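Undergrad: This is the structure alone, sequence omitted:
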Ligand code: SAH
C-alpha cells in the first residue's frame, strides 16, 4: 500500500512511522510511505507557505500554490484526503475502506488551516479525527495511517485481531480480557475464561461485549439495529443489564443461532 503525506513537518510522520508495526510494514515493503515537504514547493528565500487571511482575522493561512504544486508534481495516489476539524469523522469503517485500497494520500494543514480553494479544487475528501483542534494535521495523519495499515492483511501477526476487536464484525466493543496471574491483589479472573469450555467462553465473551457496549456506547447498539433474540438470551444468562426498550425491538442486528 502506498501512502503519500504532504506537510511542512514531514519528519513528524516519518519518525512516527519508523517504529513498531509501521516500521516493520515499511521494512517489509507492505507500506510504501512517501512524505513530501510542502516547503520544497516554495520559490522565495524564506520558503514561505503561509499568508494573512483576506478580510482580516487572527492567524495565518496556508497559501494554495505550494500545496497545488506539490500535489501536481507528485501525482500521489487518490483519494487525497485533507485532515481538518471540518471533515467527516474518522472511524473504523473509514479505516477499513482505506485499508482496502492500493493507496491514498493525506494533506496536513498548519496555522489556521488551508486556503479554501485547496478544499474545493484539489482534495477528494476531508476527514477529522474528532471534535478537537490540533495545531497541525501531522498527528491526525499518523493516527489515520496507524489505524489503516494495521488492517492491511499481513501487517498484524494475528490475522483475527481486526475481526474480534472493538468496532469489528460484531459492531461491539471488545469484551473484558484477562491475562496471568489468575489472582492479583485478591481480584480473580472469572472462572468461565479458565474453564477450557470454548463454546461457553465464546458465549460469555459475546454477552460481556454486549453488556459493556450497552453501558458505555449504547449508540453502537442502535447503529447495528438493536439486539437479536439470541443476544437478549445470552445477556439474561451471563450478564444481565438494563437497556432501552428500543434495543429489544431490534433483532436485525445479528442472526439468531
Ligand atoms: N482554524 C481551523 C483549525 C486549524 S488547526 C478551524 O477552526 O477549523 C490547523 C491544522 O491542524 C488543520 O489545518 C488540520 O490539518 C489540523 N487539524 C486540527 N484539528 C484537526 C482535527 N480534529 N482532525 C484532523 N486534523 C486537524
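TA: Nice, thanks for sending it over. These numbers come from a predicted model, not from an experiment.
Undergrad: What distance do you get for residue 230 to residue 174?
TA: Separation of residue 230 from residue 174 (CB to CB, to the nearest Å) stands at 19 Å. Using the backbone N, CA and C atoms, a C-beta is placed for each residue, glycine as well.
Undergrad: no no, residue 128
TA: For residue 128, the distance to residue 174 - CB to CB - is 24 Å.
Undergrad: Phi and psi next, for the residue in the stretch 1-150 of the chain that the ligand sits nearest to.
TA: The stretch 1-150 of the chain approaches the ligand most closely through residue 109 (2.1 Å), counting by CB to the nearest ligand atom. Here is the backbone geometry of residue 109 (degrees, to the nearest 10): phi -90, psi 170.
Undergrad: I'd say it and residue 135 touch.
TA: No: counting by CB atoms under 8 Å, residue 109 sits too far from residue 135 to count as a contact (9.7 Å).
Undergrad: neighbour-wise, which of those two wins?
TA: Of the pair residue 109 and residue 135, residue 109 is the one with more neighbours under other CB atoms under 10 Å, namely 27 against 9.
Undergrad: Residue 111 and residue 67, how far apart?
TA: Look at residue 111 and residue 67: by CB to CB, they are 12 Å apart.
Undergrad: who has more neighbours, the two?
TA: Taking other CB under 10 Å, residue 111 and residue 67 do not tie; residue 67 has more neighbours (23 against 16).
Undergrad: contacting residues for that one?
TA: Neighbouring residues of residue 67 by CB atoms under 8 Å, 6 or more residues apart in numbering: 6, 38, 41, 107, 114, 115, 118, 122.
Undergrad: if you set the cut-off to 7 Å instead, what comes out?
TA: Residue 67 makes contacts with 6, 38, 107, 114, 118, 122, as judged by CB atoms under 7 Å, 6 or more residues apart in numbering.
Undergrad: Keep only those of those residues that are in strands.
TA: Within the contacts of residue 67, residues falling in strands by DSSP state E are 6, 107.
Undergrad: mind checking how far stretch 112-127 is from the chain centre?
TA: In this view, stretch 112-127 has its centroid 21 Å away from the chain centroid, taken as CA atoms, centre = their mean, to the nearest Å.
Undergrad: wait, I meant stretch 145-152
TA: With CA atoms, centre = their mean as the basis, stretch 145-152 stands 8 Å off its chain's centre.
Undergrad: Stretch 23-43 too?
TA: For stretch 23-43, the distance to the chain centre is 20 Å (CA atoms, centre = their mean).
Undergrad: let's have the chain start at 121 instead
TA: Yes, from this point I'll number from 121; that puts the last item at stretch 143-163.
Undergrad: Looking at the stretch 271-377 of the chain, which residue is nearest the ligand?
TA: Closest to the ligand within the stretch 271-377 of the chain is residue 287: 18.5 Å, counting by CB to the nearest ligand atom.
Undergrad: For residue 248, give me its contacts.
TA: 204, 205, 206, 207, 208, 209, 210.
Undergrad: quick one: secondary structure of the nearest residue to it once chain neighbours are set aside?
TA: Residue nearest to residue 248 in three dimensions, not counting chain neighbours: residue 207, with 4.1 Å by CB to CB, 6 or more residues apart in numbering. Look at residue 207: counting by DSSP: H, G, I helix; E, B strand; the rest coil, its state is strand.
Undergrad: mind checking which helix or strand residue 181 is in?
TA: Using DSSP states H and E, residue 181 falls within strand 180-182.
Undergrad: The least confident helix or strand in the chain by mean pLDDT: how far from the chain's middle?
TA: Ranking every helix and strand in the chain by mean pLDDT, DSSP states H and E puts helix 281-284 at the bottom, with a mean of 74. Going by CA atoms, centre = their mean, the spacing between the C-alpha centre of helix 281-284 and its chain's C-alpha centre is 14 Å.
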